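Novice: okay, sequence plus prediction incoming.
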Amino acid sequence: MKTLIIWANCQGNSIGKMLQKYYSDIYTVKYYANYEYMHNKLALPDCFKKCDVFLYQNYSSREDEFCLQNILNNILPQKSIKITFPTLHRNNLQFCYECNIPENTQSISTILPHGEFFFGIQPIRDIIIKLKNEGLNVEDIIMKTLDAINKPDFITDEQIEYHEKTSLDFLKTKALSSDIPEIYDFIIDNYKRIRLWHNPNHPNGILLHL
């Protein structure tokens, strides 16, 4: 049985489950969250030295054992197949989110370790703060907020254009520096008509299946 290793962020976990479902007769699929190893300074898994296929995401240059060039050139077998796929996060094409809003810390719990409002919607937050400062009660704040978000200009064209440009620029850089640059063409052709992300940092199954 050949070994296929995925060295990636949380997107790699979903890809690993799909590969395990369809190719478990050929590969033993192992997923390792690179950010957990780097954050906790864990030793690289021994199986890296014997893997047959290595799927990984590019990340910033490092000076330690987690340096990608070190892993690719010194840890993995020379004959192993190495394939890089893009990180598809920091997407605001459909959201205009502000991550980690201050109020979110109040909702962190064991069940919700990232909090209930990890992705706060900035325009909504601005309205609520403004109405609170005006002394309105909770019911009036809710009603006025709902009225505001139903207006066509709730999110301005300038905001939409800004998030569109910055998101596409980021995704293009990530896609074109990977071994599957075609995914960027798919995004360009479909992002206006199909929801491709669950939230800014997590693409849905449509992109992950590519």
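Specialist: Noted; the coordinates are in hand. None of these values were measured; they are calculated from a predicted model.
Novice: how about residues contacting stretch 124-142?
Specialist: The list of residues contacting stretch 124-142 from outside it, by CB atoms under 8 Å, 6 or more residues apart in numbering, reads 98, 101, 103, 144-145, 148-149. Heads up, the C-betas are built off the backbone N, CA and C, glycines and all.
Novice: right, and the secondary structure at V29 would be what?
Specialist: strand (DSSP: H, G, I helix; E, B strand; the rest coil).
Novice: residues contacting it?
Specialist: When contacts are counted by CB under 8 Å, 6+ apart, V29 touches 4, 6, 16, 19-20, 23.
Novice: if any of those residues are buried, give me the PyMOL selection for them.
Specialist: Burial among the contacts of V29 is assessed by 16 or more other CB atoms under 10 Å; the matching PyMOL selection reads:
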select buried, resi 4+6+16+19
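Novice: can I get the contacts of V29 in a markdown table with secondary structure, distance to T173 and pLDDT?
Specialist: Putting the contacts of V29 into a markdown table (DSSP: H, G, I helix; E, B strand; the rest coil; distance: CB to CB, whole Å; pLDDT from 0 to 100) gives the following:
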| residue | secondary structure | distance to T173 | pLDDT |
| --- | --- | --- | --- |
| L4 | strand | 26 | 98 |
| I6 | strand | 22 | 97 |
| G16 | helix | 25 | 93 |
| L19 | helix | 26 | 92 |
| Q20 | helix | 30 | 92 |
| Y23 | helix | 30 | 92 |
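Novice: quick check: the farthest pair among the contacts of V29?
Specialist: I6 and Y23 (12.2 Å; CB to CB).
Novice: circling back to that earlier point, and the contacts of stretch 124-142, which of them are buried?
Specialist: Buried among those by 16+ other CB under 10 Å: 98, 101, 144-145, 148.
Novice: okay, the contacts of V29 in JSON lines with distance to I75 next?
Specialist: Output for the contacts of V29, formatted as JSON lines (distance: CB to CB, whole Å):
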{"residue": "L4", "distance to I75": "16"}
{"residue": "I6", "distance to I75": "15"}
{"residue": "G16", "distance to I75": "19"}
{"residue": "L19", "distance to I75": "21"}
{"residue": "Q20", "distance to I75": "23"}
{"residue": "Y23", "distance to I75": "23"}
